[in-house]
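Colleague: Coordinates for the following, if possible.
(2 chains)
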2 protein chains.
Amino acid sequence: MDEEVRRQVEEKVLRAVVEGRMWAPGETVVVAVSGGPDSLCLLQTLHTLQPHHGGRLHVAHLDHRFRGAESADEARRVVDLARALGLPATVEAVDVPALARRERLSDEEAGRRARYRFLVGLAASLGASALALGHTADDQVETVLMHFLRGSGPAGLRGMRPVSPPAPWMTEGLVLSTPLRLVRPLLGLSRRETEAYCAACGLHPARDRWNEEVRFLRVRLRRQVIPLLEELNPRFREAALRLAQLAAWEEEDLQALLEERWPALARSEGRTVRFPLAGWRNLPRTLRLLALRRAVEQVRGHLEGLGWEALVAAGRLDEARVGTTVALVEGLVARRGYEEVAVGRPEDLEEAAPWPDLGEGGVPVAVPGRTELPGGYALVAEEGRPEEASPPDAPWEAWLDAEACGRRLWLRHRRPGDRFYPLGLGGEKKLQDFFVDEKVPRALRGRVPLLVSPRGIVWVVGYRLDERFRLRPESRRALHLRWEGPKD
Amino acid sequence: MDEEVRRQVEEKVLRAVVEGRMWAPGETVVVAVSGGPDSLCLLQTLHTLQPHHGGRLHVAHLDHRFRGAESADEARRVVDLARALGLPATVEAVDVPALARRERLSDEEAGRRARYRFLVGLAASLGASALALGHTADDQVETVLMHFLRGSGPAGLRGMRPVSPPAPWMTEGLVLSTPLRLVRPLLGLSRRETEAYCAACGLHPARDRWNEEVRFLRVRLRRQVIPLLEELNPRFREAALRLAQLAAWEEEDLQALLEERWPALARSEGRTVRFPLAGWRNLPRTLRLLALRRAVEQVRGHLEGLGWEALVAAGRLDEARVGTTVALVEGLVARRGYEEVAVGRPEDLEEAAPWPDLGEGGVPVAVPGRTELPGGYALVAEEGRPEEASPPDAPWEAWLDAEACGRRLWLRHRRPGDRFYPLGLGGEKKLQDFFVDEKVPRALRGRVPLLVSPRGIVWVVGYRLDERFRLRPESRRALHLRWEGPKD
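Modeller: Numbering: from 1, shown residues only, chains lettered A, B, ... in the order given. Just a heads-up that it's a prediction; the model follows:
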């Protein structure tokens, strides 16, 4: 019976290692051992299977200094076990409660950070290619539920992968001579199986008080939430695992679809990624969100702290006005340009002001005619009959009362004291206040072209007409204006 | 204050109706009114907004006979309210507890079925184009959680859509002269908002005892699970709603991507849908699952009861042996053909046996040489040196001991009493038992080609070699066989 339990568990673990290509023979594998049933099962199976997988095992244990003498005792037991198996072991102690106070983290989070920094640091110093973690299918269910609870979006529901790269914060300040993989050979086993395996091998796991801290989110999920959900659906665990699998496939497939389109979709320039609008508009919404994530990753190196709200807002920037900016994460923004959506730091994006430099004096406008402007821009003015007016392609087109405008029109940048009568406001407004209300970025305000007549501002190009010059039912002649970008 | 509450709620509802294009002016809208705060809010807002949306409202109420006199009283109150608003109303009574016993359903499920059959039936008889339901954002959170709990896959997490077609069971036996939409104008409102709106309008919602039945799954989610999850993440509701939105986009985008590929991917023939392997193998896994769903919908008309496990298994059929069959749902299967994956009823799929008809006497095999077979199949036999043997492309290729086989080889169909020594079994077996164990469909067994020598069966083509003829380390000459399909 015991023999059968051992054989089954070892077979599953070996299959996971081989199919996941977790490491190659001769490579060093750091095995994270807390002393609980999962990690003891991990250590024992990997040791027994050594002739089959060929990894060189190194045991690692962090003493969290969380339970005084008890935790030091556990560390000793892990070292004893490693010695009994003839394996090298490294133990380190971190005062997690002190760390939590110092870095203002929860004990749970501080413990997690200390643990991974130790494990990854050790792996780096040993030149290990894999860090083996004892996460089981039960941990996976908890992870999926945690992501569901926190609202991570469908991509987050995929939970932990059998093989994944370390998070950027884990490797901060480290030099990795060998690329390191986090590997999870037990992800297909239940906690019950690891316990049965330990019993079959005569191993005595530590009773992990860490797992009994009911204030920890994970422990509350395990103790309170999952049992309740299992009352409502006895097969909830399977459901969560299946969801994780389907979500993982969906994420992989969407990433592959994005990969195909990326070269035509994006231009990386310096520390920015620019998406020309033509391709952007043809991109399905889901792929836009993934494209923005990818841009952030390229510019910043990682995705930590990036939330879905910001991505969703940025994904709609093609419908927004030129200059509209969405804060993505930590100083990075997405901005609607004249013919692109760009991701980068505001100072890197400013360079590409989507407007021509009209100089000190401005530029006279040909009416009717086409006025060429620096940088490949142009303003086209045509006379027409009021009844021809079609709904303008705001904000790049305008229909005006030709008689109100006259023919002495001029394009210039703003000047102190500029005021106008914004269409629909029913009154006068300072241009400066208008820019503030419209959230025009400060750096762009001086470049927005103003169409002016001797009577004042006619059109704040790209933003708003002046009430006094609009086409009215009684207008006798219409003036049709069209602003053109460098590549229209 | 009350005025402000009313204005805000009505604005949200109108925007939902207009942006969702829920109905056009002049069309009839059946409004489902239980008498609770959500449905009273729905009725009152739609009535107030009538000049803006132009729908002709008709009130509908089902008396569930669930609470005796109390439920009849509620029905009267709904009719009174409709009369006060000058709207036509239809009330029907169904003995839900009796229905539940008769159809062996839970009271919750029986009530749901009776309610929708009544509402959709009424809408059909009135020629209505929309059935307005009072589902709120809180109902959406519950729905997302329910799908998560039941393991519906990422697609199910999108919850209820603002506009959706009725489910097939709702319209069973009905003739719809006008296409009917289920519409949910309150999906952007919280339950708290509908209650505040009722209070602001002086409406007195019924206390819905239905909603207090703790044995109902939905009520338990509302009372027990969601409050617990909100303790762990106070913004859990927002998280669930965001997840629903992202999942809906993902589903829509994936469907659109499938739509693009469908014409090249699938062939509909009679009551089957066939996916030629070449295109199938290039299809991302997620799209395969959606393609199978779509095939089921085409063949059967709806998706009810179709689970993810079966889809996942069917999605891998390209890796399985010809003839492998996966039960999808209710008599429908997916089957691996020689060069396709096909969806249909087994009797519709049998026609396409992926084997040539070798006739009564069979066909002699040219050794070495190429033997052409009926239907465009062929068997190619080449002599070679044992050390050239490469891992065969099982099950279409075989490396044999040329001396053991000899040159008098023959292809024929099975005969009563056929036996052979299946490779790896270490003993003799009846061919009939082998076919049963290998789950070869009964209708195909008589067509599987057998390569025979005077000493017996050499190769059950597509399935297994005979142990006696296999290539061994000590073999001096090798015979390489390759089976070709009509389009290889």
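
Colleague: Okay, angle between the helix or strand containing A:M146 and helix B:137-150 too, please.
Modeller: Assigned by DSSP states H and E, A:M146 belongs to helix A:137-150. Helix A:137-150 runs at 170 degrees relative to helix B:137-150, counting by axes from the mean of the first three to the mean of the last three Cα atoms, to 10 degrees.

Colleague: helix or strand right after helix A:137-150?
Modeller: Sequence order places strand A:163-164 as the next helix or strand after helix A:137-150, per DSSP H and E.

Colleague: Would you give the sheet partners of that following strand, along with the direction of each?
Modeller: Here strand A:163-164 has these sheet partners by DSSP bridges: strand A:181-183 (antiparallel).

Colleague: how distant is the partner strand from the center of its chain?
Modeller: Relative to its parent chain, strand A:181-183 has a centroid offset of 21 Å by Cα atoms, centre = their mean, to the nearest Å.

Colleague: Show the average pLDDT along that strand.
Modeller: Throughout strand A:181-183, pLDDT has a mean value of 97.

Colleague: re the thing from before, can you give me the buried ones in the helix holding A:M146?
Modeller: Using 16 or more other Cβ atoms under 10 Å in any protein chain shown as the test for burial, helix A:137-150 gives A:137-150. Just so you know, the C-beta spots here come from the backbone N, C-alpha and C atoms, and that holds for glycine as well.

Colleague: Any regions of the stretch 151-300 of chain A where pLDDT drops low?
Modeller: The stretch 151-300 of chain A contains residues with pLDDT under 70 at A:208-212, A:214.

Colleague: what secondary structure does A:V91 sit in?
Modeller: On the three-state scheme (DSSP: H, G, I helix; E, B strand; the rest coil), A:V91 is labelled strand.

Colleague: The longest helix seen in chain A to helix A:137-150, inter-axis angle?
Modeller: The residue-count maximum for a helix in chain A (DSSP state H) belongs to helix A:236-265. Comparing the axes of helix A:236-265 and helix A:137-150 via the same axes, to 10 degrees yields an angle of 60 degrees.

Colleague: contacts for the helix or strand following helix A:236-265?
Modeller: Per DSSP H and E, helix A:236-265 leads on to strand A:267-269 as the next helix or strand towards the C-terminus. Applying Cβ atoms under 8 Å, 6 or more residues apart in numbering or on different chains, the contact partners of strand A:267-269 are A:273-276, A:298.

Colleague: still on that earlier bit, show me which positions of the longest helix of chain A end up buried.
Modeller: A:236-237, A:239-251, A:253-254, A:257-258, A:265.

Colleague: For chain B, what is the nearest residue in the stretch 301-450 of chain A?
Modeller: A:W308 (5.9 Å; Cβ to the nearest Cβ).

Colleague: From A:G153, how far off is that residue?
Modeller: Separation of A:W308 from A:G153 (Cβ to Cβ, to the nearest Å) stands at 5 Å.

Colleague: next one: A:P276
Modeller: Relative to A:G153, A:P276 is positioned 26 Å away (Cβ to Cβ).

Colleague: ok, those two, which is more surrounded?
Modeller: A:G153 (24 against 17; other Cβ atoms under 10 Å in any protein chain shown).

Colleague: Identify the residues contacting the more buried one.
Modeller: A:308, B:242-243, B:246.

Colleague: Contact residues of the stretch 51-200 of chain A facing chain B?
Modeller: Contact residues, the stretch 51-200 of chain A versus chain B (Cβ under 8 Å from any Cβ of the partner chain): A:148-154, A:157.

Colleague: any chance of these in a markdown table, with distance to A:R285 too?
Modeller: Below are those laid out as a markdown table (distance: Cβ to Cβ, whole Å):
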| residue | distance to A:R285 |
| --- | --- |
| A:F148 | 21 |
| A:L149 | 24 |
| A:R150 | 22 |
| A:G151 | 18 |
| A:S152 | 18 |
| A:G153 | 12 |
| A:P154 | 13 |
| A:L157 | 18 |
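
Colleague: Now do the SS call for the closest residue to A:F420 other than its chain neighbours.
Modeller: Of all residues not flanking A:F420 in the chain, A:I457 sits nearest, at 3.9 Å (Cβ to Cβ, 6 or more residues apart in numbering or on different chains). Here A:I457 is recorded as strand under three-state DSSP.

Colleague: In this structure A:I457 contacts A:L431, no?
Modeller: Yes: using Cβ atoms under 8 Å, A:I457 is in contact with A:L431, at 7.2 Å.

Colleague: any common contacting residues for these two?
Modeller: Here A:I457 and A:L431 share the contacting residues A:418-420, A:450, scored by Cβ under 8 Å, 6+ apart.

Colleague: Pick out the most distant pair among the contacts of strand A:267-269.
Modeller: Using Cβ to Cβ, the pair of those lying farthest apart is A:P276 and A:Q298, separated by 16.4 Å.
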